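**Student:** Need a 3D model of the sequence below.
(chains A and B)
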Amino acid sequence: MQASSVEGVAQARPKRNILKLLLLPLVILAGMGLSMEAGLLGPLGEQVGHLWATLSIFGVGSALLFLLLFFSGARKGPALSELPRWQLIGGFLGPIYVVVLTLATPHIGIAMTMIAILSGQVGKSVLIDHFGWFGTARKRVNGERWIALALIVVALVLIARG
Amino acid sequence: MNLILLLVVVVAAGAVLSVQAAINGRLGQTVGVLRSSLVTFGIGALVTALLIFFFEPAHAVSLLDVPKWQLTGALFGVVYMIVMVGAVPVVGTAVATVAVITGQLAMGMLIDNFGWLGNPAIELSGSRIVAMVCLALALVFMYRSNARSE
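**Tutor:** Numbers count the residues shown, from 1 in each chain, chains lettered A, B, ... in the order given. Predicted structure coming up:
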């Protein structure tokens, strides 16, 4: 259910070494995996129902992560029960994304679904900064961000026209 | 479903996803990525199960009937997560983001164009290529704007 995030685009602290070059194809492959996941979800959702397809992602994902954690030994850091409750609500938002993936890919294709998702991410960050939604400080949005938003609207119009 | 409405829903899902990523990022910093992901996936599974229980209509085919390869989607998600945990500190967030989006769109285009994995084949048209170029340019502008504000 993971997806790339445009959020951290500028917090780069690159170390130049050979490892970096070796890892890059791996990261590209990981990105290709995300489209594979979406590609599997669409047809699966049409056969068994969108919610069942979503459950397969979260069920298998939870099981795998649980096993990974169980066998990788003790972890540092606070117990989950000590954390503020609101930090745990991410789990309610994840299924929305996956259900929408299974709904959309059969109609607009995987590449265009991914573009629309990325558009939502970029658009959200620009609008939140501009209007100061969700209690964030209202920041002046510079010209470059408005251009980015405009380009995204053009991309979406192109997708809508097919 | 109406195409425009569908597109609005997908864009909204992207916005929801980035809210989720922000919340999970905070959680990941304190308890580790594996544990924060387990919380997200575990709660996600429970919420979905509840929704199925009360709202999902019956289907002729169940998850147990489809070919097993159709159930491997979650593996790609978990592998992605582990690769990112290892790679981002080395290659940097910006490079990793660009590499992921490149892989995502390239694979998306391949699956669409050839109709792999049982998806309807959608030929790569001029307007689809232009849409991708627009997104690439938008990301360049976002990056320049972010880089300046630091």
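**Student:** What residues of stretch B:66-84 count as buried?
**Tutor:** For stretch B:66-84, burial by neighbour count (16 or more other Cβ atoms under 10 Å in any protein chain shown) applies to B:66, B:70-71, B:73-81, B:83-84. The C-beta positions use only the backbone N, C-alpha and C, and glycine is treated the same way.
**Student:** Chain neighbours aside, what residue packs nearest to B:Ser127?
**Tutor:** A:Leu158 (4.5 Å; Cβ to Cβ, 6 or more residues apart in numbering or on different chains).
**Student:** Confirm for me that A:Glu37 is in contact with B:Val78.
**Tutor:** No. Using Cβ atoms under 8 Å, A:Glu37 is not in contact with B:Val78, being 9.9 Å away.
**Student:** wait, does stretch B:18-32 contact chain A?
**Tutor:** Yes. Residues of stretch B:18-32 contacting chain A under Cβ under 8 Å from any Cβ of the partner chain: B:18-27, B:30-32.
**Student:** Could you turn the buried ones of these into a ChimeraX selection?
**Tutor:** Listed next is the ChimeraX selection for buried residues among the residues of stretch B:18-32 next to chain A, using 16+ other Cβ under 10 Å:
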select /B:18,19,20,21,22,23,24,26,27,31,32
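**Student:** from the residues of stretch B:18-32 next to chain A, which ones fall inside strands?
**Tutor:** Nothing among the residues of stretch B:18-32 next to chain A maps onto strands, per DSSP state E.
**Student:** Adding pLDDT, write the residues of stretch B:18-32 next to chain A out as CSV.
**Tutor:** As requested, those are exported to CSV (pLDDT from 0 to 100):
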residue, pLDDT
B:Ser18, 80
B:Val19, 82
B:Gln20, 82
B:Ala21, 78
B:Ala22, 76
B:Ile23, 79
B:Asn24, 78
B:Gly25, 75
B:Arg26, 77
B:Leu27, 81
B:Thr30, 81
B:Val31, 84
B:Gly32, 82
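**Student:** Quick one: the residues of stretch B:18-32 next to chain A as a markdown table, columns for distance to B:Val47 too.
**Tutor:** Shown next, in a markdown table, are the residues of stretch B:18-32 next to chain A (distance: Cβ to Cβ, whole Å):
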| residue | distance to B:Val47 |
| --- | --- |
| B:Ser18 | 19 |
| B:Val19 | 16 |
| B:Gln20 | 12 |
| B:Ala21 | 18 |
| B:Ala22 | 19 |
| B:Ile23 | 15 |
| B:Asn24 | 15 |
| B:Gly25 | 20 |
| B:Arg26 | 20 |
| B:Leu27 | 17 |
| B:Thr30 | 23 |
| B:Val31 | 20 |
| B:Gly32 | 23 |
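**Student:** Show only the entries of the residues of stretch B:18-32 next to chain A found in helices.
**Tutor:** Taking DSSP state H as the definition of helices, the residues of stretch B:18-32 next to chain A contribute B:Ser18, B:Val19, B:Gln20, B:Ala21, B:Ala22, B:Ile23, B:Asn24, B:Gly25, B:Arg26, B:Leu27, B:Thr30, B:Val31.
**Student:** Residue 60 - how many residues pack around it?
**Tutor:** Just going to use chain A. As a burial measure, A:Val60 scores 20 neighbours (other Cβ atoms under 10 Å in any protein chain shown).
**Student:** looking at chain B here, not the other one
**Tutor:** Residues near B:Ala60, counting by other Cβ under 10 Å, number 7.
**Student:** check contacts around A:Lys76.
**Tutor:** When contacts are counted by Cβ atoms under 8 Å, 6 or more residues apart in numbering or on different chains, A:Lys76 touches B:Gly32.
**Student:** on that earlier part again, so the residue nearest to B:Ser127 sits right up against B:Met132, yeah?
**Tutor:** No. Counting by Cβ under 8 Å, A:Leu158 stays clear of B:Met132, with 9.2 Å between them.
**Student:** So which elements touch the helix or strand encompassing A:Leu64?
**Tutor:** Element membership for A:Leu64, per DSSP states H and E: helix A:50-71. If you count contacts as 3 or more Cβ pairs under 8 Å, 6 or more residues apart in numbering or on different chains; DSSP states H and E, helix A:50-71 packs onto helix A:18-48, helix A:90-108, helix B:33-55, helix B:73-91.
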